[in-house]
Structures are given as structure tokens and as C-alpha cells.
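A.B. asks: Got a sequence here, can you model it:
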Amino acid sequence: ASPGGGTGTGGHTGPAGHAGDDGHDGRHGHDAPGAAREMALSGHATPAGADHADHADTSSPAERRAADLRRRLTVSAVLTLPVLALSMIPPLQFPGWQWVALVLTLPVVTWGAWPFHTSAARAARHGASTMDTLVSIGVTAATLWSLWAITLGGAGEIGMRMDVQLIPVLGGHVGTPELYFEVAAVVTTFLLAGRYAESRSRRRAGDALRSLLELGAKDVARVTLDDAGNRTETRVPVEALAVGELFAVRPGEKVATDGVVVEGTSALDTSLLTGEPVPVDVGPGTDVVGATVNTSGNLLVRATRVGEETTLAQIGRLVTQAQTGKAPVQRLADRISAVFVPVVLVLALATLVVWLLLGNPVQSAFTAAVAVLIIACPCALGLATPTALLVGTGRAAQLGIVIKGPEILESTRQVDTMVLDKTGTVTEGRMELADVLAPSSAPTRHVVGAAADTGVDALRAQVLNLAGAAESGSEHPIARAITEAASAGGRPLPRATDFSNHAGRGVSATIDDGGTARQVLVGRPTWLAEQGVRGVGPEDQVTRAHRHAESDGATAVAVAWDAEARGVLTLRDQIKTTSAEAIVQLKELGITPYLLTGDNRAAAEHVAAEVGIDKANVIAEVLPEEKLDVVRRLQDEGKVVGMVGDGVNDAAALAQAGQRGLGLAMGTGTDVAIEASDITLVRGDLRSAPTAIQISRRTLRIIKQNLFWAFAYNVAAIPLAALGLLNPMIAGAAMAASSVIVVGNSLRLRRAA
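C.D. replies: Sure, this is the predicted structure:
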């Protein structure tokens, strides 16, 4: 009853004959369990989409940062446009235009560029240099030079015009110094635009924990007993519940907190935590976990852990620790800047010294040195990552893939191992009828299609038909699977009366079989034997068929009528039709797939064999909290691990995978898994995993190409600056050319995958 264990489709404490499913209590039409589960689990395809982050609390630090960048970008863009026009179009240069440009530029290069200045200062305190260092130095140099030029250098005279000449006369640049207001303003605005676009695509910190906490019950029916044993129920917030207190859990309700059952029997839907599709039987003395859903009977539970000590809270802490412990990926641009910035500073100083040694005027020497600093600040650097990311993620979104940030792309480059959660990722996460076995008629196994049109013999058809009718009174997933298979193609089911659930054993009902009333029993062979049914001894064919099916990882129930065992129904969590193809694609990318599950080994190895995963790479019977340890162990072995999962129980492991690899969540899963992951596969199709890897790797290549072009034009122009051949026209042309190249290169991603 504790989460995880191998009691899902293989252990069969309840499922094996779902005999233990209290879903067989005759509550026809009792939709509460389904409704409760829908409330807990549904609706996640939308959050997985691009708008998921927008649902975050607007007061979160990430949202406040994005809003701050948006304000700085808007104001800077409005002020930069007229500065650019005045500087680059001489006919617009009215008397005093340069002072207007100064007034418009100062807010941009101070308030607008403040994030770059503060970041550069922080890096300098640690003796490092980053892209922001380069930006801050370039913008500051252009601004300070222009301030000197306009106040002391003669460029502030009313009526001064800044002619656009492509090649100034060498050594003759002694008169009116050039102004670089537009360079400083444009670089700041472009970089703010890139930084804002990037902030919108990054993960919202804290969303995973908020989503996780929302999964728990909000209030609880606290039960008090007086001396006479009379019971009083009071509805209180779940936070008011204390250890040792009793609380009631009705059908369809969530268990408020971790506890132990004192009274009542039921089946709990633990899929939210364990990921396994088959409810777990509980009764007096059974431990239960908060946030699981009671599917049928009434329970009285004594709280054993509350608040921060519950299983749900512990999973939340694991997620938070894994996320906050994630070392930031050092950006490629920063690595380049770490080398580029010192080199540029040395070149600028060398330019100044050489010009002075050659006997040039001090103003000309300073002009050339400052020009080196200015041209070295590439405006396209701010567009290199965001434009590729936006186009790449846009293309991915068209294919049902959401990539959450630029740092994630580097993680895809070296991924060599992919851990796949079984239930809901490789499989459908719901039980379906797999086989109808009627040993007394024909000992050979047959895969079931529609009983009426696949050549299944009459006895098999009758076994399925009568079992489906008997199970029609139950809401249990196994019962629903049998009933749906029996009524496939619109076939009517016989009328069932006297339905009865036998907790922990099976169900019985009287079925009208063509005018003959038959007492039909569906459940475990041991229970059928207790009811006087013949043919269910240890060595009888039905019992052996039942035992063989369970040893093969299936869930099995025996069917009997007229006190005679007639056959066995086997059910499995059906494998998604695209899973095998996805495994092939992963292997083609050089990635080794692993299968991870809380289910029993027989069921896990059956699924692995069907989709093409090596038996040695199957990790089964893993508790939810152990999934993180599995990922960490693989990482400690030197593997770069990606993980695909869909449940709350996968969230911590997904976050851990993202720390040194990649976490991918199925969009059909829970918000917690989605938020803890790096990439969301919206369509729930496992083939999206290799596609996501391909697009991410291609986007990373484009980013690297963009960074080359962002620097190339500027690096090429540095010699011109050192020789005194630079003016605002060349600086502007270099910025425009590199920006166009970067954007055009990014647009190639629209054809990716």
C-alpha cells in the first residue's frame, strides 16, 4: 500500500483478480473516483504548451525580472530610434541635434543597460569576464567618448553635422571627433531585446513545487470519538490535522495525509504517486499515502505524518533540491567573452600606445583606441541565442515539443543514456484485455480481437461475454477493460442481476445467457475454489494458465459459471504503438534506452522485449523516491542521462536528470513532472523524444554559428578601428550585417526535423 512497490500489474495483491478491488462494490455509475482522478491528472496537454509558464504567479522572481526587462526594452527602443535616425541620416541633423541625441541616449545607456553593468561588476569582483562585461565596456566607452567629444572636443557646437564618410583620412581625424551615441543606444536596445526574449522562454522557478502542493487535499473530515464510541465529523483545513488524529475518506476523495487504515476496505488509485495504473487494495492496518484517491469504500484513517513530513512534501523537497542544486551551464558566449574581452582590452591599449609612439596627436590616438572598444561590442551577440531559440522552439512547438531554455540545448549534445518510465510513457497507462484463454477447449493462446470476427472459438467468446456482463457493475479499471472488450463493436451484453463484490477476491452475478440463468464468478482461482467451483485445483488447466499469465507479467482473472472453471482473462497495460519506433530512433542517435518502473520485473521485461530494450537495461520494482537514486547512480557511472516520465513520482528524477543531462516530461502527465523537466513532449508520443534531441542539437549548432557571425564582422572591423579608419557608418554597417546574418541563419530552423 505504500507507493511504488511491485503490486501494480504484476504483484496483484488486488489486481490479480482485482479480487481485491473494492471497485467491485456495486456502485453503478459512481463517477466520483474518475472525476477525482480527472481533477488531479487531466488538463495537462495545455499547460505543456507554450503558454504554460504564463500561468505562473506574476509575483514570482522570474516574472518580475521579465516585466522589468520589458519596461527597459520598451523605453530604450522608443529613445533609440530617433538617435539612430539623427546619427545616420545627415539631412535630419538640425542645429543642436547632437544634444538631443545625448539627452535621449543617457537613459538608455544608464537605466536601460543597468542589468549589463551590474552583471559585469559582479563578474569583475570575482576576477571574471562575461558577455555582459563586453557589453558594459563597449557601451560605456562609446558613451564616455561621445560625452567628452560633445562637451570638450568641439562636437557640441551648434550647427555641427556628422558627415557619413566611409574611409576617413588617416591621421587627419584631429578636428571634430566622432559621436557614438547611436552605437551605444542600439547595442543596448538589441541586447535588451535578446535578453527579454530569452527570459520569456526560461523555466519559472518554483512552479513545480506550487503544482505539487496543489495535488494534495485542501480540507479533511476530522473524526472524533466520545467515550461511548459515538463518532463526530468536522470539516477542517488539512493543515489543522495532527498526528494521531482520525479522519474519514469517502469514495472519490483524496487521502488527506499519510496514515494507517483503522477501519474499512477499499482500493486506492495511487497512480498520481507511483505511476502504475492498477489500484492498490487497502484495509485495516494498511499504510496509505496522502494525495492518493479512494476509488470505492469508506475508510477511517489515523494520521501518521502531516505537513512537511508527508510523502508528497518529501517529493517536493527532492524536486526543489534537484532544481536549486543545478549548476548553471556556462554559456558559450560567456566562454568566448572570457577570452575575447581581455584580448580586446589589450588591443585597445596597444592601439593607444602605438599611435602615440608614432607621433600622432593624443586625440587621434584616443579615438582609435576607443573605436577598438566600440566595434568589439557586437550587437548581434544579444540576438545569437534568443533568435535561434525562438525559431527552434517555435518549430519544436509545431511538432508538439516545448523546450524551456537555452541552457537545455547544451545538455542534449552529450546525452548518451535515456531512462524511460514505463507506465504512461512507453505504455498507455491503462489496462486492456490481452488474451482469452479457455484451456479446456483449446490450450493454445490466442490474442483477442473482436470475439465475433477473429475466429475465436465459441467457448472463448462465451467466457469474454459472460465475464464482461458480470463486470459491468464495477468501476474498477480491470473491470472496465473486460467490459469494454466484451462490448467492442457494439455487441450487447447479457443482463446481469444480483451483482456482488467480494472484497479482495472477485465478483459474482447472475447472467441471462440466452434464456438460461447462469451464476458467473470472476476472480482469483483460490476464491473460486472456496466457492465450490471445480477445475481450479493447483494442477488444473485454468489454474496453470492463470499462473503462467501472471509469471509473464500480466494481470489475470479466472472465469467460472455453473460451478465449473471455464477460462482465464489476461490484461496488460498496453504498449503505445509508437514506442518501438521511438526506441529505434534513440539508438540511431547513439543513445542507450533504459526502462524504469515500480512494476514487477516480469511485466517490465515483457514490455522491454516488445519495444527493443535490452533485458540488462530494465530497472524494475523501484519506489518513487528511488527513481532519483537510479538516475544519480547512472550519472555517477559517467553516463549523461536523459529521462522521460509523466508522473509526480518522476518529478525529482526528471529534475536530477536535468542537473547533468536532460529531463523530458510527457505532456499528458502531471504539472509537477512538466515543470520539473527541461523539455515537454506535448502529444504524449515517445517518438517526440528523439525528435526533441534532434531539434535541440540542431538549434545548438545554429547558436554556435550565430555566435561566430556575431563576432566575425566586429573582429574583422577591429583592424580598421586600430588604423583609425572607423566611423559610425562602418560600426552601424557591421552591426546591421551581422544581425541580418544571425536572424537569417536562425530562420533555417523552421525546416528542422
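
A.B. asks: What part of the protein, helix or strand, is modelled with the least confidence?
C.D. replies: In the chain, no helix or strand scores lower on mean pLDDT, DSSP states H and E than helix 32-41, which sits at a mean of 34.

A.B. asks: Which is the succeeding secondary structure element to it?
C.D. replies: Sequence-wise, the next helix or strand downstream of helix 32-41 (DSSP states H and E) is helix 61-88.

A.B. asks: so what does that following helix touch, helix or strand wise?
C.D. replies: If you count contacts as 3 or more CB pairs under 8 Å, 6 or more residues apart in numbering; DSSP states H and E, helix 61-88 packs onto helix 97-107, helix 114-125, helix 181-201, helix 728-747. To be clear about C-beta, it is placed using only N, CA and C from the backbone, and glycine gets the same treatment.

A.B. asks: quick one, the third one and helix 114-125 angle?
C.D. replies: Spelled out, it's helix 181-201. Calculated by axes from the mean of the first three to the mean of the last three CA atoms, to 10 degrees, helix 181-201 forms an angle of 90 degrees with helix 114-125.

A.B. asks: what's the spacing between stretch 702-714 and its chain's center?
C.D. replies: 30 Å (CA atoms, centre = their mean, to the nearest Å).

A.B. asks: What average pLDDT does it get?
C.D. replies: Averaging pLDDT along stretch 702-714 gives 83.

A.B. asks: Stretch 252-266 now?
C.D. replies: Mean predicted confidence for stretch 252-266 is 91.

A.B. asks: Next up, phi/psi of Val535, please.
C.D. replies: Not Val; residue 535 is Gly. Main-chain torsions, Gly535, degrees, to the nearest 10: phi 90, psi 20.

A.B. asks: if we can go back for a sec, just say which of the helices and strands packed on helix 61-88 is most tucked in.
C.D. replies: The highest average neighbour count among the helices and strands packed on helix 61-88, using mean count of other CB atoms under 10 Å, belongs to helix 181-201 at a mean of 25.

A.B. asks: That helix packs against which elements?
C.D. replies: When contacts are defined as 3+ CB pairs under 8 Å, 6+ apart, helix 181-201 packs onto helix 61-88, helix 97-107, helix 114-125, helix 131-151, helix 381-398, helix 728-747.

A.B. asks: could those helices be laid out in JSON lines, adding distance to Ala467 and mean pLDDT?
C.D. replies: Shown next, in JSON lines, are the helices and strands packed on helix 181-201 (distance: least, CB to CB, whole Å; pLDDT from 0 to 100):
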{"stretch": "helix 61-88", "distance to Ala467": "54", "mean pLDDT": "89"}
{"stretch": "helix 97-107", "distance to Ala467": "77", "mean pLDDT": "95"}
{"stretch": "helix 114-125", "distance to Ala467": "67", "mean pLDDT": "91"}
{"stretch": "helix 131-151", "distance to Ala467": "67", "mean pLDDT": "86"}
{"stretch": "helix 381-398", "distance to Ala467": "45", "mean pLDDT": "76"}
{"stretch": "helix 728-747", "distance to Ala467": "59", "mean pLDDT": "74"}
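
A.B. asks: Relative to Lys587, which of these is closest?
C.D. replies: Shortest distance between Lys587 and these, using CB to CB, is found for helix 381-398: 21.6 Å.

A.B. asks: Distance check, Ala376 against Ile695.
C.D. replies: 33 Å (CB to CB, to the nearest Å).

A.B. asks: tell me how far the longest helix seen in the chain is from the chain's mean position?
C.D. replies: Criterion DSSP state H: the longest helix present in the chain is helix 688-722. Between the centre of helix 688-722 and the centre of its chain there are 26 Å (CA atoms, centre = their mean).

A.B. asks: Only the buried residues of that helix, if you could.
C.D. replies: Within helix 688-722, the residues that qualify as buried are 688-700, 702-703, 705-715, 717-718, 720-722, counting by 16 or more other CB atoms under 10 Å.
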